[in-house]
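Peer 1: Structural data only, the sequence is not supplied:
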Ligand SMILES: *Cc1c(COP(=O)(O)O)cnc(C)c1O
């Protein structure tokens, strides 16, 4: 089966009582245990609604097993802790999602885990490995600068050294990137973003081999970040249109990125699909599409006035919804860093991050153009 068919049919449970085509919502947290291998219980991650979405993500990510969590961070922290413990060392990109970065800087020492943060090139990551390293955590494209990491090179090295590799595949989604095919062990998603797709739920997902999943599931069952059946149902409904949404968002993003890079008021555009972008060659090799996240810097204008002038694109944290949203990383995700530190990693005050939705691309371009004009008049 191809992706569009998988997204709709894989895992979906026909309702035997009515013949209905949708997975019924199973609400019981008390289930019969007689003549069964294991009683169903939501925190055991084994209800039919959890199972339906887990099967979809596994199939989309070309994995043996999938699991749904109550958040992306629940999925990420459980996956890391399943393979790194006291005395172990972890290598991570310094450009990882803020929550993952925070988990490492604030909490790893509590578990006796040591961590090295590296830049995004494969050589930097490989050079961060020590004899105590057990896990490598990467993300590609990164937030907010869309740096593209050479996934295959890192995965090949890690396999030789028998290290466990984890990738946060949220930005690309399984529609645009399937890292297990490149040799990565564990794929993690914030399902809150493209998998949910409508900015109305919080969830996370993991996809990997049965062997790796045994450990993750065992830890997940005691940490307890399980997702309620009612939300699983919403997620399942959303995942059925995942491919259509992400393909259309990716197409829109290419148009908007091109428009921005041709615009005289724009200083720089970060988008893996632009031929002059640093990560373009690697992205072309390892991604099926370039995704729908763009960041850019505007020239000589107040970025806040520009954002206030937008009528269609909403200022909002989070991403991946059907509606286009924009954030200022220096005021949101990176606000705790000093201005010097932000400058050093390229997150300037004029940098803005766009999550492109499903609106008409002409309307999005018009909205950006109008807001740029308004920002000029007032300066
Ligand atoms: C949002 C996000 C997360 C965290 O997901 P939650 O669902 O908020 O816990 C992790 N990684 C990336 C790349 C994200 O964008």
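Peer 2: Arrived safely. Please read all numbers here as calculations on a predicted model, not as lab measurements.
Peer 1: Of all the residues in the helix or strand containing residue 102, which ones are buried?
Peer 2: Using DSSP states H and E, residue 102 maps to helix 98-102. Across helix 98-102, burial judged by 16 or more other CB atoms under 10 Å covers 99-101. To be clear about C-beta, it is placed using only N, CA and C from the backbone, and glycine gets the same treatment.
Peer 1: touching the ligand at all, it?
Peer 2: Yes: using CB under 6 Å from any ligand atom, helix 98-102 reaches the ligand at residue 99.
Peer 1: Can you pull the residues of the chain lying near the ligand?
Peer 2: 71-73, 97, 99, 143, 168, 170-171, 190, 192-193, 202, 204.
Peer 1: Counting neighbours, which of these comes out on top?
Peer 2: Tallying neighbours with other CB atoms under 10 Å puts residue 190 at the head of the residues of the chain next to the ligand, with 29 neighbours.
Peer 1: Any figure for the gap between the residue nearest to that one when sequence neighbours are not counted and residue 270?
Peer 2: Leaving aside its chain neighbours, residue 190 sits nearest to residue 72 (2.6 Å; criterion: CB to CB, 6 or more residues apart in numbering). Plainly put, residue 72 is 22 Å away from residue 270 if you go by CB to CB, to the nearest Å.
Peer 1: How about residue 304?
Peer 2: Using CB to CB, residue 304 is found at 20 Å from residue 270.
Peer 1: Looking at the two, which is more packed in?
Peer 2: residue 270 (25 against 14).
Peer 1: which residues in this protein form helices?
Peer 2: Here the chain has its helices, by DSSP state H, at 3-9, 48-60, 72-83, 98-102, 122-127, 151-161, 173-176, 210-223, 229-239, 242-262, 280-286, 303-308, 339-345, 361-378.
Peer 1: and those helices, which one is worst for confidence?
Peer 2: Of all the helices of the chain, helix 339-345 carries the lowest average pLDDT, namely a mean of 84.
Peer 1: chain center to that helix, what's the gap?
Peer 2: 24 Å (CA atoms, centre = their mean, to the nearest Å).
Peer 1: Buried residues in it, which are they?
Peer 2: residue 342.
Peer 1: And for stretch 43-50?
Peer 2: 45-47, 49-50.
Peer 1: Same question for stretch 53-65.
Peer 2: Within stretch 53-65, the residues scored as buried using 16+ other CB under 10 Å are 53-61, 63, 65.
Peer 1: Among the residues you listed, which one sits closest to residue 117?
Peer 2: residue 61 (26.1 Å; CB to CB).
Peer 1: right, and the closest one touches residue 180 too?
Peer 2: Yes: contact criterion CB atoms under 8 Å: residue 61 and residue 180 qualify, at 5.8 Å.
Peer 1: shared neighbours of those two, anything?
Peer 2: By the contact definition CB atoms under 8 Å, 6 or more residues apart in numbering, residue 61 and residue 180 are jointly contacted by 187, 207.
Peer 1: contacting residues around the closest residue to the ligand within the stretch 151-300 of the chain?
Peer 2: The ligand sits closest to residue 190 of the stretch 151-300 of the chain, with a gap of 3.0 Å, by CB to the nearest ligand atom. The contact partners of residue 190, taken as CB under 8 Å, 6+ apart, are 71-73, 75, 97, 168, 170, 203-204.
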